[in-house]
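Engineer: model this:
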Amino acid sequence: MCVAYPGKVLSIENNHARVDFTGSVVPVNISMVDVAPGDYVLVHAGMAIQKVETEEAKEWIALFRDLEETTADAADKIKDAAQEESETAASSVSETEDTHHA
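Structural biologist: Sure thing, here's the model as predicted:
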């Protein structure tokens, strides 16, 4: 699955623009859209595919940020649960070995 992400046009030269994606500035082909510096665009595979209103772009950026934080939190919980399970299993093995040596 591919997702278009909004970025802010910083500058334009011919059919390419420098676009800021929350701190990452990349070159983007803008030959399919009519934009000016300060506009927001949706970009897919290095190509601006649509101009987006500023408020809508900011809402999408906030949504992606929330999604990233939620995903990171879930990944941390999974990692912690796996580590706890591993420690519990190691403890059980150690206790079993102690019982057999006694």
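
Engineer: When you work out contacts or count neighbours from here on, use the C-alpha atoms and nothing else.
Structural biologist: Will do.

Engineer: The helix or strand hosting residue 88: how far from the chain's middle?
Structural biologist: Residue 88 belongs to helix 54-101 when assigned by DSSP states H and E. A distance of 18 Å separates the centroid of the chain from that of helix 54-101, by C-alpha atoms, centre = their mean, to the nearest Å.

Engineer: Show me what counts as buried in the lengthiest strand in the chain.
Structural biologist: Longest strand in the chain, counting residues (DSSP state E): strand 5-13. For strand 5-13, burial by neighbour count (16 or more other C-alpha atoms under 10 Å) applies to 5-12.

Engineer: Could you do stretch 43-58 as well?
Structural biologist: Going by 16+ other C-alpha under 10 Å, stretch 43-58 has these buried residues: 43-44, 47-52, 54, 57-58.

Engineer: Distance across it, terminal residue to terminal residue?
Structural biologist: End-to-end distance for stretch 43-58, by C-alpha to C-alpha, to the nearest Å: 14 Å.

Engineer: Not counting its own residues, what contacts it?
Structural biologist: 2-7, 27-35, 39-42 (C-alpha atoms under 8 Å, 6 or more residues apart in numbering).

Engineer: Quick one: buried ones out of those residues?
Structural biologist: For the contacts of stretch 43-58, buried by 16+ other C-alpha under 10 Å: 5-7, 28-30, 35, 39-42.

Engineer: Just the closest of these to residue 73, please.
Structural biologist: When the buried ones among the contacts of stretch 43-58 are ranked by distance to residue 73 (C-alpha to C-alpha), residue 5 comes first, at 21.8 Å.

Engineer: The residue nearest the centre of the chain and residue 15, how far apart?
Structural biologist: Residue closest to the average C-alpha location in the chain (C-alpha atoms, centre = their mean): residue 68, at 5.5 Å. Residue 68 sits 31 Å away from residue 15, going by C-alpha to C-alpha.
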